[in-house]
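*Asks:* Structural data only, the sequence is not supplied:
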């Protein structure tokens, strides 16, 4: 079992970020080169959200597509200037090993496919960016980390908020002591799920309900905002099983994290109402974000209440492009990503404990 | 042990309120008469907050003072036109029985004195309004209820938010279905305690820390906003015992209430940071208050976020005067107050379970 050293955890969750790991690009060695990405999965996220971001990248470009839908892949390839020879399907996927255009594979598939397509990419000699949640369970995460390590390839998890200007500004101000001693963290993340046929509602594909998909943002924020790792937790699930959306997965989970400093993290995840909120309370004030983790339009207040709204200097920066470029830089400079596979594993282990606590109706020590 | 019937609970916590129990005064029988109040305790709350409210009352007037500080009582009596013969101390307090000016005694003392001064008032043939938290523990609450019942006198607890325009408007809109099906309730209540010598920080006088004093607002709001009674709870306490304020009582408690409908109530109480917030989330929108339970200046939003701010029709109504008048009306019309002793007992029983959960680190069924 992989040991997640506490010191490394804190660095990954906040230290590296706050120190400006995503600041000015360090691109001395290969100023002209952009690394080539293959996008695996042309669903709502891969096609709708990620592919359009490459236009804002400095060090990354779209070079290949992997899809089960040949016609769709051909159309997308034409639109984004991807050569037809760089279109793959799930059968011939392993042959990407012979394609030097592809440096990095970005896995944008249902959660149940993350482990397989990450491990096959590593075996094909490619670096991997994998969407969150990292995998169905911690055993899969460990296998993914091991496969990338064995292949000598980078593995990064798509925690885009680590590259998002408002979150970075909030972390910086919390660490600088602007609200005094931190006492309490709270975050609710949820939305009212509209499509009852979505793969996210099928447990065999998603691994779980709102906690895996959107609650993970509250959990992540609790960790990167406090800069601490939880030592115990308690969780309560509430799901209306007569709702056709929730036959297989949970709707709402309210979970409470205990941090070593005494800070409490009170988090909520749900699929039946819209909410996107982050609050840090210190003895001298508070930091509030609403929305806190949106694709764009996040807002931030620092002070006694909502009197003072803060706009980060780099307000217009593209979190998705930054994320893509971060892994490209790490590959070129042989650095570890700030959100490596180990970071994804940490969350999955905590999520497993959340589910266990809810099931057994008791506090779980981590 | 007093049995708190669930149906009555729901009525007290929301039904009676929402039905307009504090609406237009029903004052047919005694249009000219104002009932006489004796204020017991001239501390910050009794003297600073309550006494100045009688000027806005229609059916209540200040007629007597009970204090251990004769000089202070004389000064206050002169200022508010209370005759000197109506000044009492803690020794001759029982002789209020011989004073027909006094109809109601309002107990504004440290919590440890609530039971004694309520029971002595009842034995002296007076109705009682007692500040919250009702008493040190549920056994004291039961004794207070029994004493008032035996004397045939009313007992009401000072839950002023049941008379506060913004809270009533929020309850009305929640019950009217304006945010759809309620899914989640949250409230944080806290302030940064400044005076380390205050009686509220001495356990023998307060019975406990922030939970008894300010967390009770979050608990109350969870009950009157949802209109439900919790069936189980889990609580986590965090207190820095090296802080001189917290040698005897707790600082922070985060507690989660489970309601029968599946609604979760996530509440926090603290003495080390300022917060006063109420949120109801439904599947069609949300109701938010910040501050939610202040003496004045409460704010209310209803909708998707904070786009639409609501001002109740009776925005200027004085919650304190309404509270005083409510008990006067109940006495004159021989009605039960909407927040009787049984309501105070309910909260104390839940608070006892909160402390037990935090101590034993486990979920408690109620």
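*Replies:* Here it is on my side, so go on. Not measured: the values here are computed from a predicted model.
*Asks:* So what pairs up with the residue in the stretch 101-250 of chain A that chain B sits nearest to in the strands?
*Replies:* In the stretch 101-250 of chain A, no residue comes nearer to chain B than residue A:238, which is 4.4 Å away by Cβ to the nearest Cβ. Placement of C-beta: from N, CA and C, glycine included. When assigned by DSSP bridges, residue A:238 has beta-bridge partners residue A:252.
*Asks:* Contact residues of the stretch 101-250 of chain A facing chain B?
*Replies:* Residues of the stretch 101-250 of chain A lying near chain B by Cβ under 8 Å from any Cβ of the partner chain: A:183, A:184, A:186, A:188, A:190, A:192, A:234, A:236, A:238, A:239, A:240.
*Asks:* I'd like those laid out as CSV, including pLDDT, neighbour count and secondary structure.
*Replies:* Compiled in CSV, those are given as follows (pLDDT from 0 to 100; neighbours: other Cβ atoms under 10 Å in any protein chain shown; DSSP: H, G, I helix; E, B strand; the rest coil):
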residue, pLDDT, neighbour count, secondary structure
A:183, 95, 26, strand
A:184, 97, 25, strand
A:186, 98, 26, strand
A:188, 97, 29, strand
A:190, 97, 27, strand
A:192, 94, 16, strand
A:234, 98, 26, strand
A:236, 98, 23, strand
A:238, 96, 20, strand
A:239, 96, 21, coil
A:240, 95, 14, coil
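*Asks:* So which of these is the closest to residue B:288?
*Replies:* residue A:188 (11.8 Å; Cβ to Cβ).
*Asks:* show me the contacts for that closest one.
*Replies:* Applying Cβ atoms under 8 Å, 6 or more residues apart in numbering or on different chains to residue A:188 gives the contacts A:218, A:267, A:268, A:269, A:270, A:275, A:276, A:277, B:184, B:186, B:281.
*Asks:* ok, now residue A:258?
*Replies:* A:230, A:231, A:232, A:233, A:264, A:265, B:236, B:238.
*Asks:* any idea of the pLDDT on the second one?
*Replies:* In other words, residue A:231. Looking at residue A:231, its pLDDT stands at 98.
*Asks:* For residue A:365, see how far away it is.
*Replies:* Distance, residue A:231 to residue A:365, using Cβ to Cβ, to the nearest Å: 7 Å.
*Asks:* Quick check, the residue of the stretch 101-250 of chain A closest to chain B in contact with residue A:268.
*Replies:* No. Counting by Cβ atoms under 8 Å, residue A:238 does not reach residue A:268; the two are 10.3 Å apart.
*Asks:* Mutual contacts of these two, please.
*Replies:* A:252, A:253, A:254, B:264.
*Asks:* Output the residues you listed as JSON lines; include the columns neighbour count and distance to residue B:154.
*Replies:* As requested, these are exported to JSON lines (neighbours: other Cβ atoms under 10 Å in any protein chain shown; distance: Cβ to Cβ, whole Å):
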{"residue": "A:252", "neighbour count": "28", "distance to residue B:154": "41"}
{"residue": "A:253", "neighbour count": "28", "distance to residue B:154": "44"}
{"residue": "A:254", "neighbour count": "27", "distance to residue B:154": "38"}
{"residue": "B:264", "neighbour count": "25", "distance to residue B:154": "35"}
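*Asks:* where's the dip in pLDDT among the contacts of residue A:188?
*Replies:* Among those, residue A:275 has the lowest pLDDT, at 94.
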